[in-house]
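# Next comes the sequence, and after it the predicted model I'd like to discuss.
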Amino acid sequence: MNRRSLYRAGLLLLLLTIITAGCWDNKDLERRALVLGAAVDLAAAGGSLVVTEPWKITLEMPILRRMVTRGEGGGGGGEGQDENTMPTWRLTLTGTTFAEAINKAATRSERTLFFGHQKILLMGEELARRGDLRSVLDWWARNRESYLAIDVLLAEGSAGDIMEARPKFARSVSLFLHEQMQQVIKTSRFVKHSLAEVLAALDAGQDILLAGVKMVPRQELEVSGAGVIREGRLAGWLTPEETQAALWITGETKGCDILVVPVPELQQTLSVEFGKLQAEVKPLMEEDKLSFTIKIKVEGKIAEKMGNPKLFAAADLHQVENRAARLMEERIRQVLGKLQQQYQADVLGFGRKVEKVRPRQWEAMKGQWRQIYSSLPVTVQVKVSIRRTGMVS
């Protein structure tokens, strides 16, 4: 290759390097404010939805230089910092729409908001009761930066107040809630739903459960229980124990639930840890009368025994299994009664099961489904098998 060819090849390589380096619309990190979480509320408690600026949104963004200097573990402060100082900035905005409120950030921040790293979306209790959640979520559904896998939660009270919490180890409230939602693999005392799942349910007119968040002493947070969303609004709450029972029915239990089983006959209280749970929910139609059967099979182990120290006999183990099954049946009937009579919310998907197996009958009853569902007879059967009793010395 002669010198002229080498020159042309070198020039071409240089041009390609210039053209392909970076994106044409790339913005430096220093010019962006990375939104980790958003908390949305009504602008005024008890206010009307027809006021000039009904919506309030609180955005949490990291102050990156503080993130870097903050001590390991997040709870302890870095050099020269108070451990109670969170390395984040919370920006509260109001507007007639969320798009307008977020646009006002240009008057308060020299950086452009970026939602591509958002982890959580938290909705306040009063907003969830009074506002149509599909409309509330519309901006996130349309925004090209939105990450549809973000976690959606409900605050017990004001969502903005939750952002004032001080988690001990996490470096921000948003990161704490995001990490806490991953604990669903260890417990079913709350539910986990992404923005995509919530939007799909609302678009289909389906009821759904959303994880609840509340403030506990010392400005810390607890994720437990669930909000019952019926027709796009919050109808009420399930306790953590009721949430567990609801997830037993749907078979969505991912965690190793602990069931405390008192057995007075043995003078013992045992902790039964679930290893495997199978749920079967079937609609039955007899003489045009609809009913449901729920059959649940659980395999577990004895995680703890308190009280009488004597070792188990085969008959004792059978007694524990029966008592655990009865306890589960009672809790399932309790949550069914609350969902059917009090809330008339089909968050367990009974209607979808009727539509799937009996589409013709469903067409005739779907217009009155809430009334039918509220008085629907349900038979519950639970079988518990304890496979391991654990090691004892």
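Yes, it's here. Residues are numbered from 1 along each chain as shown.
# can we go C-alpha only for contacts and neighbour counts from here?
Noted.
# Does residue 215 fall in a helix, a strand, or a coil region?
Judged by DSSP: H, G, I helix; E, B strand; the rest coil, the three-state class of residue 215 is strand.
# Now do the contacts for it.
When contacts are counted by C-alpha atoms under 8 Å, 6 or more residues apart in numbering, residue 215 is found next to 162, 165, 221, 222.
# Please repeat the previous calculation with a cut-off of 7 Å.
Contacts for residue 215 were tallied using C-alpha atoms under 7 Å, 6 or more residues apart in numbering; they are 162, 221, 222.
# Who does the residue nearest to the first one when sequence neighbours are not counted form a beta bridge with?
Beyond its immediate neighbours in the sequence, the residue positioned closest to residue 162 (C-alpha to C-alpha, 6 or more residues apart in numbering) is residue 215, lying 6.5 Å away. Judged by DSSP bridges, the bridge partners of residue 215 are residue 221.
# Can you read off the pLDDT for residue 215?
Per-residue confidence (pLDDT) for residue 215: 94.
# Quick check on the contacts of residue 215: which are buried?
Buried positions within those, assessed by neighbour count (16 or more other C-alpha atoms under 10 Å), are 162, 221.
# got JSON lines for the contacts of residue 215, with pLDDT and distance to residue 57 too?
Putting the contacts of residue 215 into JSON lines (pLDDT from 0 to 100; distance: C-alpha to C-alpha, whole Å) gives the following:
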{"residue": "162", "pLDDT": "97", "distance to residue 57": "12"}
{"residue": "221", "pLDDT": "96", "distance to residue 57": "20"}
{"residue": "222", "pLDDT": "96", "distance to residue 57": "21"}
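# Of the contacts of residue 215, just say which sits nearest to residue 148.
Sorting those by distance to residue 148 puts residue 162 at the head of the list, at 22.1 Å, by C-alpha to C-alpha.
# Show me the strands in the stretch 51-200 of the chain, by range?
Taking DSSP state E, counting those that start in this stretch as the criterion, the stretch 51-200 of the chain contains strands spanning 55-62, 88-95, 112-114, 120-123, 151-155.
# Can you pull out the low-pLDDT segments for the stretch 1-150 of the chain?
Per-residue confidence for the stretch 1-150 of the chain (pLDDT under 70) gives these ranges: 1-4, 6-8, 10-30, 45-52, 67-85.
# Do you have the helices of it handy? List them.
Using DSSP state H, counting those that start in this stretch, the helices of the stretch 1-150 of the chain run over residues 3-20, 64-69, 98-103, 125-130, 133-136, 138-142.
# tell me the centre residue of this structure?
By C-alpha atoms, centre = their mean, the chain has its centre lying nearest to residue 192, at 3.1 Å.
# Quick check: that one vs residue 358, distance?
For residue 192, the distance to residue 358 equals 30 Å [C-alpha to C-alpha, to the nearest Å].
# Residue 374 too?
Counting by C-alpha to C-alpha, the gap between residue 374 and residue 358 amounts to 19 Å.
# ditto for residue 93
For residue 93, the distance to residue 358 (C-alpha to C-alpha) stands at 49 Å.
# Compare these two (neighbour count), which wins?
More crowded of residue 93 and residue 358, by other C-alpha atoms under 10 Å: residue 93, with 21 against 14.
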